[in-house]
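Engineer: below are the sequence and a predicted model for it; my questions follow.
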Amino acid sequence: MKMVVTPVFQPILDLKSKQFRWLEALARINGDFTQRGHIQLLSLGEECGFIHHIDRAVAEWVLDSRESAGLPISINVSVVTIERNPESILGILRSNPGGAHDLILEITETARISSLSAVHDFCHQVWRLGGRIAVDDFGTGHFTADLVGRIQPDFIKLAQALVSTVVSSRDMGLLKEISVVASAIGAE
């Protein structure tokens, strides 16, 4: 059976050391070279309630192939999956040797959090299994500094648009504010 969605890996680079920190597994549609079709599919998945199938498929593929990566791997997980079908991810983490060791679960920014307690519960279970949590694309979508502070992720990933705006305006005030939030919660 051929998968419609397949993961591709994007390296995450530490700008200070110039070393790869981890690989991010991104869901992409087979044969879509425009790099846009996946955005529509993921949006439709959140809207229609099948995003947990996509999140689970990528997570299963990553867990099966992570030994060959040689680096930690991050997996995007929709807020919709976390709130409605958390076991689609947590169940495979529990049943997989090594659980969430060397995994970073990135909470995506595209859906609004309606149950902070569900997100907290998911994060705590991931941490108990040895994984880490990131918020994805801070500066776009639904994450605010207050919300990030309440989630207390291990990593705050800045949106490319936010970084581009800061660089072009040379206004480092916003980055300093984000740095203060990250320091306060112990996040990178």
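Structural biologist: Perfect, I can see it now. Since the structure is predicted, the reported quantities are computational estimates derived from the model, not experimental observations.
Engineer: what are the C-alpha coordinates of the helix or strand where residue 38 lies, in CSV please?
Structural biologist: Here residue 38 sits within helix 37-48, counting by DSSP states H and E. What follows is helix 37-48, C-alpha atoms only, in CSV (Å, rounded to 0.1, in the frame of the first residue of the first chain):
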residue,chain,number,x,y,z
GLY,A,37,-0.6,20.7,-1.0
HIS,A,38,0.3,19.5,2.5
ILE,A,39,-0.9,22.8,4.0
GLN,A,40,-4.3,22.3,2.6
LEU,A,41,-4.4,18.7,3.6
LEU,A,42,-3.4,19.4,7.2
SER,A,43,-5.9,22.3,7.5
LEU,A,44,-8.6,20.0,6.1
GLY,A,45,-7.5,17.3,8.6
GLU,A,46,-7.9,19.7,11.5
GLU,A,47,-11.2,21.0,10.2
CYS,A,48,-12.8,17.6,9.4
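Engineer: how far is whichever helix or strand comes after it from where the chain is centred?
Structural biologist: Later in the chain than helix 37-48, the nearest helix or strand by DSSP H and E is helix 51-69. Remark: helix 51-69 is offset 13 Å from the chain centroid, using Cα atoms, centre = their mean, to the nearest Å.
Engineer: contacts for helix 51-69, please.
Structural biologist: 3, 5-7, 9, 23, 25, 27, 41-42, 45, 73, 75-78, 80-81, 84-85, 88-89, 92-93, 96, 102-103 (Cβ atoms under 8 Å, 6 or more residues apart in numbering). Every C-beta, even on glycine, is put in place using the N, C-alpha and C of the backbone.
Engineer: in the protein, what helix or strand scores lowest on average pLDDT?
Structural biologist: Lowest on mean pLDDT, DSSP states H and E among the helices and strands of the chain sits helix 160-169, with a mean of 77.
Engineer: now do it: which elements does it pack against?
Structural biologist: In terms of contacts (3 or more Cβ pairs under 8 Å, 6 or more residues apart in numbering; DSSP states H and E), helix 160-169 is packed against helix 173-185.
Engineer: give the rounded mean pLDDT of the helix it packs on.
Structural biologist: Here helix 173-185 scores 84 as its mean pLDDT.
Engineer: mind listing what's buried in that helix?
Structural biologist: Neighbour counts over helix 173-185 (16 or more other Cβ atoms under 10 Å) mark 174, 178, 181, 182 as buried.
Engineer: quick one: contacts of that helix?
Structural biologist: By Cβ under 8 Å, 6+ apart, helix 173-185 touches 138, 145, 148, 149, 152, 153, 156, 158, 162, 166, 187, 188.
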